[in-house]
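[1] Quick one: sequence plus predicted model below, questions after.
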Amino acid sequence: MTVDEPLTWIGTSWKMNGSLAFARAYATGLRARAAAGWPGIQPFLIPPATALAVVSEVLRPASGIIVGAQNAHWEQRGAWTGELSVEQVADAGATLVEIGHSERRAWFGDTDEVVHRKVLATLRAGLRPLVCVGESAEDFAAGRSVEVVTAQVSSALAGVAPGEGQAPLVAYEPIWAIGEHGREATPEDIVATVGAIADHVGDRVGSVLYGGSVNRENLTDILGVPGVGGVFVGRAAWTLTGYLALLDLAADQLAGRLNVG
Ligand code: 13P
């Protein structure tokens, strides 16, 4: 691999799952395996906020695994009951902030405007935003995927210039593909939309990831889609064994591709 070969991002959000004991055990097991590393892969782990500090303490400093928060507020402090600022999640060890997941857009008022504010706050604090975008089943069926997600990306990254802080990541997560009721996407389902996002963001973004029912069976196909720079996984990585299997598979795929190429 050449030094400027881009890393393939393989990460998971635990969403609203996991006790501190679970978090400690998972992170400890991951750290043990990270010693050998996954060449070409950038792992990232996004636990619930309660476990951020524990996971960060177990994984830092040398594991190479990035720890992220599932959300953060756009203000630095103040009377915002129940919220956490970017500065607070950074204090607990996060260097990545997930913003605008469809579950937050659907249930917690994360509009495009809110997403944009959170992106700016994250960059200002020196952390890396992971911006999630995705269209509904209805928009997908109507052929509006590109239109919907490029509008979400434009709004989220408005005014963000290349080289301003840590390059944001964009995760394309079609709503119809996420969660236990989601339908697994085929490469044909997503290739045009991923390509459109990549063209649209140009060098303002570090990488475009795909998320939504990614698992051991479809990982290789998804990572083979042009423009996909990694995956963002829920259920399939909610056990350490599941996450390690995905990391190993991705590393093997990458090694094969590099050897062949
Ligand atoms: P699933 O992999 O469980 O579909 O969740 C994907 C996701 O929403 C990651 O943020």
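    Perfect, I can see it now.
[2] what's the helix or strand for V131?
    According to DSSP states H and E, V131 maps onto strand 128-133.
[3] Which elements pack onto that strand?
    strand 96-99, helix 112-124, helix 145-156, strand 169-172 (3 or more C-beta pairs under 8 Å, 6 or more residues apart in numbering; DSSP states H and E). Placement of C-beta: from N, CA and C, glycine included.
[4] correct me, but D221 touches E188?
    No - contact criterion C-beta atoms under 8 Å: D221 and E188 do not qualify, at 10.1 Å.
[5] Who has more neighbours out of these two?
    Counting neighbours by other C-beta atoms under 10 Å for D221 and for E188 shows that D221 has the greater number, 14 against 8.
[6] Next up, the contacts around that one.
    Neighbour list for D221: 186-187 [criterion: C-beta atoms under 8 Å, 6 or more residues apart in numbering].
[7] The strand or helix carrying it near the ligand anywhere?
    According to DSSP H and E, D221 maps onto helix 219-223. No - Helix 219-223 does not reach the ligand (C-beta under 6 Å from any ligand atom); its nearest approach is 11.0 Å.
[8] all helices for the protein, in order.
    Remark: helices assigned in the chain by DSSP state H are 20-34, 52-59, 86-91, 102-107, 112-124, 137-141, 145-156, 187-201, 219-223, 240-260.
[9] Least confident of those helices, on average?
    In terms of average pLDDT, helix 240-260 trails the rest of those, at a mean of 90.
[10] what does that one contact?
    1, 5, 8, 10, 12, 25-26, 29-30, 33, 38-41, 43, 214, 216, 219-220, 223-224, 231, 233, 236-237.
[11] quick one: it to helix 20-34, angle?
    If you take axes from the mean of the first three to the mean of the last three C-alpha atoms, to 10 degrees, helix 240-260 sits at 20 degrees to helix 20-34.
[12] Just the CA trace of helix 240-260, in CSV.
    Extracted in CSV, the C-alpha atoms of helix 240-260 (Å, rounded to 0.1, in the frame of the first residue of the first chain):
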residue,chain,number,x,y,z
LEU,A,240,-17.4,-7.8,19.7
THR,A,241,-17.3,-11.0,17.6
GLY,A,242,-19.5,-9.4,15.0
TYR,A,243,-17.4,-6.2,14.8
LEU,A,244,-14.1,-8.2,14.6
ALA,A,245,-15.5,-10.3,11.8
LEU,A,246,-16.3,-7.2,9.8
LEU,A,247,-12.9,-5.7,10.4
ASP,A,248,-11.1,-8.9,9.5
LEU,A,249,-13.2,-9.3,6.3
ALA,A,250,-12.6,-5.8,5.2
ALA,A,251,-8.8,-6.0,5.9
ASP,A,252,-8.7,-9.3,3.9
GLN,A,253,-10.6,-7.7,1.0
LEU,A,254,-8.3,-4.7,1.0
ALA,A,255,-5.2,-6.9,1.1
GLY,A,256,-6.5,-9.0,-1.9
ARG,A,257,-7.4,-5.9,-3.9
LEU,A,258,-4.0,-4.4,-3.3
ASN,A,259,-2.2,-7.6,-4.1
VAL,A,260,-4.1,-8.0,-7.3
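[13] where does the stretch 1-150 of the chain come near the ligand, residue by residue?
    Residues of the stretch 1-150 of the chain found near the ligand (C-beta under 6 Å from any ligand atom) are 13, 101.
[14] Going by proximity to the ligand, name the top residue of the stretch 1-150 of the chain.
    Relative to the ligand, the nearest point of the stretch 1-150 of the chain is S13 (4.7 Å; C-beta to the nearest ligand atom).
[15] right, and that residue touches G234 too?
    Yes - S13 lies in contact with G234 (C-beta under 8 Å); the separation is 6.3 Å.
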